[in-house]
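Undergrad: sequence unknown, structure follows:
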């Protein structure tokens with residue numbers, strides 16, 4: 001049987017149709033809705049004085065900066081007993097999901113269905129709540145986007161459903177997805193590709209092309225036969241020279257950019273709660289989170305979620321790597337500030353988790369100072385990962401994995417990894433093809449998942465990863481941590497090239513000068529904190545109490561505002577205005593600390609120095 005050329009595109013359409021049938025509706029969940037401009041960390045109670053109203057499908061809500069809370073209860077029917085239970089929510093906005101008061105995941109375009117419970121108990125009642133964000137209109141921030149949606153035109157609520165997974169349908173969808181992707185990844189002359197195509201043609205001839213137009217009893221039994229056809233294709237293994245891709249879940253979340261800091265904390269809660277939910281479903285799933293600052297907000301604002309993160313760190317499934325407090329700009333921040341990023345970040349991670357980061361994780365920063373290797377080694381950091389230098393607009397950087405040597409000769413092992421990707425055959429093959437020196441490099445790290453509020457990894461990504469661990473025609477994969485992957489490079493790869501000096505990014509050059517007031521505010525605060533620490537040290541030598549907590553608080557504020565979209569001035573106006581306000585506050589507090597310490601140094605009493613705290 002000759003294979004029709006249009007089979008791949010037809011199979012993609014079939015995959016999409018069956019994807020829509022993966023979950024069956026069990027019950028609609030009645031909801032109430034209330035709008036607010038406030039950010040709550042849990043379902044708001046009567047003290048919030050919100051105007052709740054019934055929420056029927058088709059309800060319009062929202063405006064710039066507005067959030068809507070939806071709430072309701074569901075008592076499980078008998079048919080749900082012993083089953084994994086999922087919720088399908090169409091709130092109309094980026095949504096944090098709560099079950100019985102605990103954050104349980106995110107609803108967005110990438111995550112339309114979320115597990116509610118791993119084992120349903122018939123007759124049990126659950127309290128469900130959803131915090132949905134309408135967004136905010138920002139005209140003209142992205143040159144390539146001609147038009148952006150305006151949330152002032154309102155969002156639409158289309159209902160909340162309790163659903164059950166048709167696991168055989170899901171299995172068919174993921175088997176087909178992987179093999180269809182494999183066909184796209186392989187050379188058209190490959191025997192493997194053409195044999196896969198031949199068997200997929202048999203699948204196409206077997207299954208119903210329009211399942212939504214036929215009774216379930218007709219189309220569903222055929223899926224088991226189709227999977228039997230595909231199974232031998234998925235069991236074919238690679239030879240000994242297949243390249244290796246280390247894979248780990250990740251979500252790069254800008255601390256501020258097209259949204260203010262306050263929205264970032266909610267993005268973190270949505271993403272991190274989704275990750276914990278996925279870890280409960282997939283024991284092999286690992287996740288890397290890079291910014292201790294983000295963890296600190298979760299610790300303070302969402303304590304239940306922080307406790308679950310700590311549990312996963314303890315068993316090695318959540319990797320709190322990254323080393324610095326945030327991912328700062330590495331051109332404009334002073335050397336002392338970069339030291340503080342490392343000092344504050346490493347200390348916090350050790351305090352919370354007993355973990356010391358071994359990798360500087362900086363995927364999105366606009367160039368890297370030649371001083372960094374020396375600073376990193378002093379902080380116990382041996383590895384460096386980024387993707388940004390691949391964005392050079394003129395000259396491709398000549399290496400992908402190399403030894404990076406700094407000004408004083410200190411060195412770290414550097415690797416250009418991939419982020420925001422899927423662990424599927426097409427993506428993994430493309431990432432391997434990007435590697436330049438395959439004579440000395442046999443692997444690459446791929447951090448899969450959506451960032452910046454996209455919710456991080458998806459269950460679908462993990463399902464795909466299960467099918468590509470060792471699949472002929474696709475790079476071998478294994479779930480790993482960043483530290484373990486980098487240690488493997490250090491132990492096993494020889495003859496890696498050296499690069500001396502700065503890692504210069506040929507792009508984003510305008511960020512070195514944009515929003516000059518932010519640059520000035522940052523430098524003024526760096527100098528003011530230096531003066532305050534010097535004055536407080538001298539005062540301490542005369543017996544005054546050293547205000548360590550007050551100084552650390554001001555340093556943390558400064559470190560956050562050295563984030564690589566705040567200090568460069570590449571964020572929206574709301575972020576810039578807030579940064580200028582924060583810089584002014586840091587300067588005032590630092591000057592006050594200096595004044596108090598100066599009084600102590602010239603003979604003020606301890607009581608006078610302590611009383612001077614009122615200046616803060």
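TA: Arrived safely. Remember, predicted model here, so these are calculated numbers, not experimental data.
Undergrad: C-alpha only now, for contacts and for neighbours.
TA: Fine.
Undergrad: can I take it that residue 114 is in a helix?
TA: No. Remark: residue 114 does not belong to a helix; assigned using DSSP: H, G, I helix; E, B strand; the rest coil, it is strand.
Undergrad: how many neighbours does it have?
TA: Residues lying near residue 114 (other CA atoms under 10 Å) number 23.
Undergrad: residue 108 is in contact with that one, correct?
TA: No. Using CA atoms under 8 Å, residue 114 is not in contact with residue 108, being 10.3 Å away.
Undergrad: roughly how far does residue 94 sit from residue 275?
TA: From residue 94 across to residue 275, the span is 16 Å (CA to CA, to the nearest Å).
Undergrad: between these two, who's got more neighbours?
TA: residue 275 (28 against 24).
Undergrad: am I right that the more buried one sits in a strand?
TA: No. Checked against three-state DSSP, residue 275 lies outside a strand; its state is helix.
Undergrad: I figured it hits residue 462, correct?
TA: No. In this structure residue 275 lies outside contact range of residue 462 using CA under 8 Å: 11.5 Å.
Undergrad: helices and strands of this protein: which one bottoms out on pLDDT?
TA: Lowest on mean pLDDT, DSSP states H and E among the helices and strands of the chain sits helix 606-611, with a mean of 50.
Undergrad: residue 203: how many residues sit nearby?
TA: 21.
Undergrad: scratch that, residue 600
TA: Residue 600: 27 neighbours (other CA under 10 Å).
Undergrad: which non-adjacent residue is nearest residue 568?
TA: residue 511 (4.7 Å; CA to CA, 6 or more residues apart in numbering).
Undergrad: residue 97 now?
TA: Closest to residue 97 by CA to CA, 6+ apart is residue 130, at 4.8 Å.
Undergrad: which ones are touching the one you found?
TA: 43, 69, 70, 71, 95, 96, 97, 98 (CA atoms under 8 Å, 6 or more residues apart in numbering).
Undergrad: can you check residue 326 too?
TA: For residue 326, the contacting residues are 255, 290, 291, 292, 293, 294, 341, 345, 559, 560, 563, by CA under 8 Å, 6+ apart.
Undergrad: which of the residues you listed lies closest to residue 395?
TA: Nearest to residue 395 among the contacts of residue 326, counting by CA to CA, is residue 563 at 26.1 Å.
Undergrad: wait, that closest one touches residue 331, no?
TA: No. At 11.3 Å, residue 563 does not count as touching residue 331 under the criterion of CA under 8 Å.
Undergrad: neighbour count for the two, which is higher?
TA: Set side by side, residue 563 and residue 331 show more neighbours around residue 563, with 23 against 20, by other CA under 10 Å.
Undergrad: residue contacts, the nearest residue to that one once chain neighbours are set aside?
TA: Nearest non-adjacent residue to residue 563, counting by CA to CA, 6+ apart: residue 328, 4.0 Å away. The neighbourhood of residue 328, defined by CA under 8 Å, 6+ apart, consists of 365, 559, 560, 562, 563, 564.
Undergrad: again with residue 219
TA: 207, 208, 211.
Undergrad: can you list those in a markdown table and add distance to residue 597?
TA: Listed next are the contacts of residue 219 as a markdown table, based on distance: CA to CA, whole Å:
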| residue | distance to residue 597 |
| --- | --- |
| 207 | 79 |
| 208 | 80 |
| 211 | 77 |
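Undergrad: out of these, which are buried?
TA: 207, 208, 211 (16 or more other CA atoms under 10 Å).
Undergrad: which ones among those residues are found in strands?
TA: Within the buried ones among the contacts of residue 219, no residue falls in strands by DSSP state E.
Undergrad: tell me how far residue 168 lies from residue 226.
TA: 11 Å.
Undergrad: neighbour count: those two, which is higher?
TA: residue 226 (21 against 14).
Undergrad: buried stuff in the helix or strand hosting the more buried one?
TA: Applying DSSP states H and E as the criterion places residue 226 in helix 221-234. The neighbour-count check on helix 221-234 (16+ other CA under 10 Å) flags 223, 226, 227, 230, 233, 234 as buried.
Undergrad: try stretch 524-536
TA: 524, 525, 526, 528, 529, 531, 532, 533, 535, 536.
Undergrad: what would these look like in JSON lines with pLDDT, distance to residue 28 and secondary structure?
TA: JSON lines is the format used below for the buried residues of stretch 524-536 (pLDDT from 0 to 100; distance: CA to CA, whole Å; DSSP: H, G, I helix; E, B strand; the rest coil):
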{"residue": "524", "pLDDT": "98", "distance to residue 28": "57", "secondary structure": "helix"}
{"residue": "525", "pLDDT": "98", "distance to residue 28": "55", "secondary structure": "helix"}
{"residue": "526", "pLDDT": "98", "distance to residue 28": "56", "secondary structure": "helix"}
{"residue": "528", "pLDDT": "98", "distance to residue 28": "58", "secondary structure": "helix"}
{"residue": "529", "pLDDT": "98", "distance to residue 28": "57", "secondary structure": "helix"}
{"residue": "531", "pLDDT": "97", "distance to residue 28": "62", "secondary structure": "helix"}
{"residue": "532", "pLDDT": "98", "distance to residue 28": "60", "secondary structure": "helix"}
{"residue": "533", "pLDDT": "98", "distance to residue 28": "60", "secondary structure": "helix"}
{"residue": "535", "pLDDT": "97", "distance to residue 28": "65", "secondary structure": "helix"}
{"residue": "536", "pLDDT": "97", "distance to residue 28": "62", "secondary structure": "helix"}
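Undergrad: dump those to a markdown table, plus distance to residue 244.
TA: Below are the buried residues of stretch 524-536 laid out as a markdown table (distance: CA to CA, whole Å):
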| residue | distance to residue 244 |
| --- | --- |
| 524 | 48 |
| 525 | 46 |
| 526 | 44 |
| 528 | 49 |
| 529 | 47 |
| 531 | 51 |
| 532 | 51 |
| 533 | 49 |
| 535 | 54 |
| 536 | 53 |
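Undergrad: now, which of those residues sits nearest residue 448?
TA: Using CA to CA, the buried residues of stretch 524-536 come closest to residue 448 at residue 526, 36.2 Å.
Undergrad: how close does the closest one get to residue 517?
TA: Taking CA to CA, one finds residue 526 at 14 Å from residue 517.
Undergrad: now do the strands in the stretch 101-250 of the chain.
TA: 102-107, 113-117, 125-133, 155-157, 160-165, 244-250 (DSSP state E, counting those that start in this stretch).
Undergrad: quick one: buried residues of the top helix by length along the chain?
TA: Scanning the chain for the helix with the most residues, using DSSP state H, yields helix 573-601. Buried residues in helix 573-601, counted by 16+ other CA under 10 Å: 573, 575-576, 579-580, 582-601.
Undergrad: quick one: distance of it to the chain centre.
TA: Chain-centre distance of helix 573-601: 32 Å, with CA atoms, centre = their mean, to the nearest Å.
Undergrad: for it, give the mean pLDDT please.
TA: For helix 573-601, the mean pLDDT works out to 96.
Undergrad: so which elements touch that helix?
TA: Other elements packing on helix 573-601 under the criterion 3 or more CA pairs under 8 Å, 6 or more residues apart in numbering; DSSP states H and E are helix 516-541, helix 548-560, helix 606-611.
Undergrad: and the angle from it to helix 548-560?
TA: 150 degrees (axes from the mean of the first three to the mean of the last three CA atoms, to 10 degrees).
Undergrad: what's the angle from helix 573-601 to helix 516-541?
TA: Using the same axes, to 10 degrees: helix 573-601 against helix 516-541 is 20 degrees.
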